[in-house]
Every structure is written in C-alpha cells, then in structure tokens.
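Visitor: Output the structure for:
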Amino acid sequence: AALALQGIQLELPDCRRLWAYCRYVLIRNERMQLLKEGGQAGRLQACEKELEELSLSLDEQILLEDDMAARCIRALIYMEQGDVERFYRDIGEAAEAGHAMARYYHGKALWEGWGRSERDRPEGCRYVLSAAEEGYLPAVDFLRRRLYPMEPEFEMSRSLEKQVVLMEESDPQSLRENMVRFL
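Guide: Residues are numbered from 1 along each chain as shown. I've put the predicted structure just below:
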C-alpha cells in the first residue's frame, strides 16, 4: 500500500487502482477480525465508512476512464457490504469486458454461489478457466485446489492443464505479484 501511495504522488495512474485494492483488502481483513472477535461497534462502523469512501473514489475512475479494474474492486466492496445484486452487476460487466481478475472473481462467485442460494458451476468454471488461460495465477490456483480435483474432465488447454498439475503449493508472494500485474 505504501508503494502505491508513492506512485499516486508521482501521478502514476495504475497506482490508484493498486492502492484501492490494498485498502479494500486491509479493511476487509480488519472487518473479518472484528466480527470474529465480536468486534467493537465503533471500529466496525469506521470500516463501513471507509469502504463507502473507497467505493466513491472508484466511481470517478469508472465514470471517467471506464476502468474495469476499478469496477472489479468496487464489485468486491459491494459484496463485502452485502449488496449482492450490485456485486454481480459490476463483476459481470468487468468480466464480460475481459478483465482477468473480474473473470476469476465472477467465476468463483458463480461456482460457490456467493450471496445466492443457487450456484452456476458450469458458468463459473468457464470464467475461472478464461482467467487462468490469460495467466491470472489465483485462477490457476483455484483450478488446482478446487475445480481440477472435482471435475478433471472439463476442457482446458494442454498448457493450462500442465500448469495446474505441476503448480506447487501457492506462493503468496508470487500470487500478489501476479495480481498487481492485472490491476
């Protein structure tokens, strides 16, 4: 997050998205910890306010630049806030526009049924596969851990199948570096 802030000061446009994603993850993790511990109501409210402010800051990038990475991050914030319909709307738009991170999250949400009683595993699998084919490592890791063991017969390219089968236990640093590339 500190490097992203330095980049913003240098007016590097991609750093705004990176900072927004870092802030989202930090706020989400703090909220989860507070909820797990029975949290402080005041701090939980502050997290909610920070999420709202972060969402509003992403609106500018989305409106002015049609920024699909910003739309993806905003969708994740909507899910964190419990706004399932807005999550699926935004994540679906970003995924259909070809943003790999959005395709991964959209696919994973459909596969797992985030916020919905029904799941659409075939459609979810299609989105995760397309993100993995583009080289988005969290999608490759999801295939390795979740989809491939359950449904090894789904169609994927030979090169992707090789990558999934040979992928070692996820290296958090490699995953983070790869995610930054797609922001």
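
Visitor: remind me which residues of this structure are low pLDDT?
Guide: Within the chain, the ranges that satisfy pLDDT under 70 run 1-14, 39, 148-154, 165-166, 168-170.

Visitor: what about the most centrally placed residue in the chain, distance to Met179?
Guide: With distances taken as CA atoms, centre = their mean, the residue of the chain nearest its centroid is Tyr105 (5.0 Å). Distance of Tyr105 to Met179, computed by CB to CB, to the nearest Å: 11 Å. Using the backbone N, CA and C atoms, a C-beta is placed for each residue, glycine as well.

Visitor: now do Arg158
Guide: Separation of Arg158 from Met179 (CB to CB) stands at 25 Å.

Visitor: more neighbours, these two?
Guide: Met179 (18 against 7; other CB atoms under 10 Å).

Visitor: Please verify my assumption that the more buried one contacts Ala139.
Guide: No: counting by CB atoms under 8 Å, Met179 sits too far from Ala139 to count as a contact (10.5 Å).

Visitor: Tally up the residues packed near Ser159, please.
Guide: Neighbourhood size, Ser159 [other CB under 10 Å]: 9.

Visitor: mind checking how far it is from Asp83?
Guide: Counting by CB to CB, the gap from Ser159 to Asp83 is 38 Å.

Visitor: ditto for Ile62
Guide: Distance of Ile62 to Asp83, given as CB to CB: 16 Å.

Visitor: Between the two, point out the one with more neighbours.
Guide: When Ile62 and Asp83 are compared for neighbours, Ile62 comes out ahead with 19 against 16, by other CB under 10 Å.
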